[in-house]
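Enquirer: Predicted model and sequence follow; I will ask about them next.
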Amino acid sequence: MYNLFLDDLRTVDMVYNDPIRYNFVVVRTYADFVAYISAHGLPAFISFDNDLGLDTNGEVAPDGYAAVKWLVYESGLDLCGLQYQVHSANPVAAEQIRGLLNNYLASLDC
């Protein structure tokens, strides 16, 4: 099992006091998030940022909430047992991420 850290700018040690303990794989974009999970399976723990900067065209990039929607609606993965934290500085988006994941996980028959 592995842990995943989704953030376009921050490093793990900027968010966690003991980053070595978590042994995170760091992904910087929505596309990298989807690709890594598709290739390696669901992580044990995910740490989510929401705002992931701009894409190569200078447009707002798909965000952490889009990553959560992919997990819930498109990935086809069994999310039972998934642990997560939202470290986004955007309080509205952080609540959207928590709300969707909490409601979905509560609906599962784990």
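Expert: Arrived safely. Being a predicted model, the structure only gives us computed values, none of them experimental.
Enquirer: quick one, helices of the chain?
Expert: For the chain, the helices defined by DSSP state H cover 19-22, 30-40, 64-69, 91-107.
Enquirer: which secondary structure elements does the third one contact?
Expert: Read it as helix 64-69. In terms of contacts (3 or more CB pairs under 8 Å, 6 or more residues apart in numbering; DSSP states H and E), helix 64-69 is packed against helix 30-40, strand 45-48, helix 91-107. In this view, the C-beta of every residue, glycine as well, is placed from N, C-alpha and C.
Enquirer: Swap in 7 Å and give it another go.
Expert: On a contact count with 3 or more CB pairs under 7 Å, 6 or more residues apart in numbering; DSSP states H and E, helix 64-69 meets helix 30-40, helix 91-107.
Enquirer: picking that back up, kindly present the helices of the chain as a markdown table, with separate columns for mean pLDDT and distance to Thr56.
Expert: What follows is the helices of the chain, written out as a markdown table (pLDDT from 0 to 100; distance: least, CB to CB, whole Å):
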| stretch | mean pLDDT | distance to Thr56 |
| --- | --- | --- |
| helix 19-22 | 82 | 29 |
| helix 30-40 | 98 | 10 |
| helix 64-69 | 98 | 16 |
| helix 91-107 | 97 | 22 |
